[in-house]
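Novice: Test case, fold it:
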Amino acid sequence: MRTATQDIYGNPTEMTFGVQLLLGINLSAFAIEHIFRFPLSNFCALQSNWFDTFSIWQLITYQFIHQGIFHLISNLLGLYLLGPDTERGLGTNRFLLMYFLSGILGGLGWSLLSPSGIFCVGASGCVFGVLGAY
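Specialist: Residues are numbered from 1 along each chain as shown. All right, here's what the predicted structure looks like:
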């Protein structure tokens, strides 16, 4: 029986569920912030002093906020090119866990090395995690 990630001949398709989900969330967050002008980065970007206010959600939400269109395209291109094969190898649940843990660890490392008063956005830590697992 054919699954959603196979074509009519049983060959794997280019896009997997986890990658589609992540691309959709990233594109939606970008549209909300940059097209509809809703300032998600005010409370979703990772502040360098997030631990002072215990804004732990920022370790996840910053991964979906991008500074501009080229920042978004470069992150999503890496996810699009490397993600499907990596997800097929790991399975969707393990792929998503690896993706988010890479982003969280990247955010923790960034916050330990950064001076206070600045913020971090983007999925680069996640995409480098995908590259490492690829």
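Novice: ok, for residue 39, nearest residue in space, not its chain neighbours?
Specialist: Once flanking residues are discounted, residue 39 sits nearest to residue 33: 6.8 Å by CB to CB, 6 or more residues apart in numbering. For the C-beta atoms, the positions are set from N, CA and C on the backbone; glycine is no exception.
Novice: Please read the previous query as pertaining to residue 65.
Specialist: residue 121 (4.1 Å).
Novice: Could you pull up the contacting residues of the one you found?
Specialist: 41, 45-46, 62, 65-67, 71 (CB atoms under 8 Å, 6 or more residues apart in numbering).
Novice: what's downstream of the lowest-mean-pLDDT helix or strand in the chain, the next helix or strand?
Specialist: Scoring the helices and strands of the chain by mean pLDDT, DSSP states H and E places helix 41-44 at the bottom, with a mean of 89. Using DSSP states H and E, the helix or strand that follows helix 41-44 towards the C-terminus is strand 46-47.
Novice: now what about that next one, what contacts it?
Specialist: 53, 55, 58-59, 61-62, 107, 110-111, 118-121.
Novice: wait, which of the contacts of residue 121 is closest to residue 126?
Specialist: residue 62 (10.3 Å; CB to CB).
Novice: Could you measure from that closest one over to residue 90?
Specialist: 23 Å (CB to CB, to the nearest Å).
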